[in-house]
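**Q** Predicted coordinates and the sequence they were generated for:
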Amino acid sequence: MSDSTPGPATRSRWLDWTPVARISDGPPDMAPTKPSKPGSVGFEGSYLGESPKIAVPESSDLAAILRGKAIELWLEAAGGRLFIVADERDVVLLNQRRGEVLTADELRLVVKITDPVDAAEVLRWKREFDGSLTEGGNTKVSLRLPRRLEGSTRP
C-alpha cells in the first residue's frame, strides 16, 4: 500500500473569478418587422367568406380509395378500436372481428345518422353482436347478425 498524503489544496480558478463590466446595457434597438406586401408571396385571395363545401365521396369512390388498405381508429364511443375498409373482401383479408370493422357502405350509413348518441349506439351493438350494417327501409340502418347468432338474443 502506498502512503499518500494530500498535497496542498489547489484553489479553483473559478473561485477567484470576478465578473467584468456588461458588454451591453440592454437589448439592441430593434424596430418591429414590416408586414409583407399583400400578394407579394404566399396566399392570395380572400381568407374571409364562405369555406368550400367538402363533398363526402360516394360509397364506391371511398371503396376504391380504401381497396387493399385499412384505417384503424380509436373511437371511445364505439367501444374502442375500429377499422374502416373498402368492402367485404377486405374484411376477410383484415382478419379481425366483424364487429370491429366498418366497410365503406357501412360508414356511409353511420354518417347519415344525425344524432351522435344514436350513431354510437349502433356501433356498440355492431361490436357486441359482431354484426354488419345494412340499409333498412325508410333510410334506417339494420344490424345483420352472423349466422351463428340468428335467432338468439346474446352472443
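**A** Ah, there it is.

**Q** For the lengthiest helix in the chain, give the mean pLDDT please.
**A** Longest helix of the chain, by residue count under DSSP state H: helix 116-129. Mean pLDDT, computed over helix 116-129, is 89.

**Q** Report all helices and strands that whichever helix or strand comes after that helix contacts.
**A** Next helix or strand after helix 116-129 toward the C-terminus (DSSP states H and E): strand 132-135. Counting contacts by 3 or more Cβ pairs under 8 Å, 6 or more residues apart in numbering; DSSP states H and E, strand 132-135 is packed against helix 104-112, helix 116-129, strand 141-144. Yep, even glycine has a C-beta here, placed from its N, CA and C like the rest.

**Q** Output those as CSV; include the columns mean neighbour count.
**A** Listed next are the helices and strands packed on strand 132-135 as CSV, based on neighbours: other Cβ atoms under 10 Å:
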stretch, mean neighbour count
helix 104-112, 18
helix 116-129, 16
strand 141-144, 15
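
**Q** Show me the one of the ones you listed that comes nearest Val91.
**A** Set against Val91 and scored by Cβ to Cβ, those come closest in helix 104-112, at 9.8 Å.
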